[in-house]
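Engineer: predicted model follows, preceded by the sequence.
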Amino acid sequence: EVLVEAVDLIGKSSQKRLLLNVDMQYPSVAIEDVVEKSVGTVAVSGVVTDNVGISELVIEGRRRAIKGSLAAIDFSLDAEVGDTITIEVTDLAGNTTSARVSISADMLEPTGEGALRPILLAMCGPERITDSGGILFAQSGAGRTGDRTPPVISLRNISEGRIIYGDQFIFDGLARDNGRLAVLSVNREDILGPRTGVLVKYFTYRADLVEGVNEFTVVAVDKAGNRTEKSFRVERRIQEPLRVEARLTLALLPLQENGSARTATSQIYGLLLGSFLQSERFNFVEREETVFRTLLTELKIGNSELADKATAIRIGRIRTAEGILYGKTIEDGRSITVDLWLVDTETSEIVFFADVYGEDKNRDELKWLMDGLVLKFRQHFPTVRGRVTRVTDSGVFIDNGIVDGIWAGMKYLILKEDREGDSGGLRIIKVSGKTLEARVQTVQPQSCFAAFSVENSTSLVNSNDPVITK
């Protein structure tokens, strides 16, 4: 829930409340019964469920009417043994699960001697067990006579050690047991839902990934206590050009302090640097204000010289930064203003300026103010991907332009694609240990030309090579 409130100078206010729902769970499809109606013909019944609500259900190409927001919808249809039924369900957030159900003779509900009898569940003693998902259930030898067959788990398009370059992973699967499922979990999270005893459960699972190896374990247990477990691992890698170390290298100088008050000013440097680091858009060569204070003392640079381009360039070349952020605060008893410039230490040009103004000096408000200032810099330095369209002796033409936020002076990293992993990994081209970059010289609405940072690099670059702004 987001509350937006505006108050005018005489105290009148308006509010607008926004309700946002972030739904990462996909709908599920479960087959609960397959009962013979006549020779070769069966009645199939089941349920589709979702944690938020179902917006659309299509069975065998026919769309079912849905009134209101329902979390569970029962369905039934006739089919023949050997048929494959297609069921597609979409939730209110647009997540869709598709299931193809193959109807086989062994799914039929038995009659006579093999019929399902009442089950007495042992609720204490040695037969009380917990599956690896932490879900408690009772195991009993009652039920289908001689059921020793474990559930079947099938996962779609899963290979051990798969490499993922995104921050999320999604996979589809099904669990099936003719003795009916009692437990189904992924990484200790229940995905069977409250309606146990289903024959087949189709599911889609999505998870956030951490950098490195991520392990997934799917556990299915039937009502007779037979258990099946499947585990696999995926590895999340952060592509080299997307690591902070490959970004534009900056340093933030202590800010020049101005004005009649200094209560907020003393907090600004730490909050501003923290906001920059949190954004992970730039690589900072120094993260301690005290280091710069010591350096400024050694160079005999005082407060009056801090908001000066020449000082910034001088410090930047000492700290080997590509750009130096320098600025000033102006604070009085009522408000505070923060001005911030970025100078390119290679060209000695000021490439960007931004400022923020606030009248609330509590720490949370100052943090919000610094986040806004950093956002202005991030918007001026967008992370833009593109492709080389033509290679010349001195540089490359790229399919990004003014409409993509490109401006003369920006730097590109020229990349090569490794085919390993999803979507292909990207690596930076090195020339004698130096990163091959290209600085934008001219910009058109939808294209630009960028000059190589290293001479004689033409042979290393091909048309259609990927690029990304540094």
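Structural biologist: Perfect, I can see it now. Numbering: from 1, shown residues only.

Engineer: all strands for the stretch 1-150 of the chain, in order.
Structural biologist: 2-7, 13-18, 28-38, 41-59, 62-64, 70-80, 84-91, 96-102, 128-130, 136-138 (DSSP state E, counting those that start in this stretch).

Engineer: got the angle for the fourth one vs strand 70-80?
Structural biologist: Here the directions of strand 41-59 and strand 70-80 differ by 140 degrees (axes from the mean of the first three to the mean of the last three Cα atoms, to 10 degrees).

Engineer: ok, the third one next?
Structural biologist: Strand 28-38 runs at 30 degrees relative to strand 70-80, counting by the same axes, to 10 degrees.

Engineer: I'd like to know which elements strand 28-38 is packed against.
Structural biologist: Contacting strand 28-38 under the criterion 3 or more Cβ pairs under 8 Å, 6 or more residues apart in numbering; DSSP states H and E are the following elements: strand 41-59, strand 96-102, strand 200-208. Just so you know, the C-beta spots here come from the backbone N, C-alpha and C atoms, and that holds for glycine as well.

Engineer: circling back: compare the strands of the stretch 1-150 of the chain and say which comes out lowest on pLDDT.
Structural biologist: For those, the weakest mean pLDDT is recorded on strand 128-130, namely a mean of 32.

Engineer: need the phi and psi values for the closest residue in space to Ile158 that isn't next to it in sequence.
Structural biologist: Sequence neighbours aside, Phe232 is the residue nearest to Ile158 in space, at 5.4 Å (criterion: Cβ to Cβ, 6 or more residues apart in numbering). Dihedral pair for Phe232: phi -150, psi 160, per degrees, to the nearest 10.

Engineer: ok, Phe232 - contacts?
Structural biologist: 155, 158-160, 162, 215-216 (Cβ atoms under 8 Å, 6 or more residues apart in numbering).

Engineer: and for Thr265?
Structural biologist: Contacts of Thr265 by Cβ under 8 Å, 6+ apart are 255, 257, 259, 329, 331, 336.

Engineer: out of those residues, which end up buried?
Structural biologist: Neighbour-count burial (16 or more other Cβ atoms under 10 Å) applied to the contacts of Thr265 gives 255, 257, 259, 329, 331, 336.

Engineer: for the stretch 101-250 of the chain, which spans come out with low pLDDT?
Structural biologist: Within the stretch 101-250 of the chain, the set of residues satisfying pLDDT under 70 comprises 109-146.

Engineer: now with 80, please.
Structural biologist: Scanning the stretch 101-250 of the chain for pLDDT under 80 picks out 101, 104-147, 157, 165-166, 194-196, 238-242.

Engineer: now the strands for the stretch 201-350 of the chain?
Structural biologist: 212-222, 227-236, 249-252, 256-259, 283-284, 323-331, 336-344, 349-358.

Engineer: now distance to Asn95 too, for those strands, in CSV please.
Structural biologist: Formatted as CSV, those follow (distance: least, Cβ to Cβ, whole Å):
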stretch, distance to Asn95
strand 212-222, 19
strand 227-236, 20
strand 249-252, 40
strand 256-259, 52
strand 283-284, 36
strand 323-331, 42
strand 336-344, 41
strand 349-358, 38
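
Engineer: that concludes my questions; thank you for your assistance.
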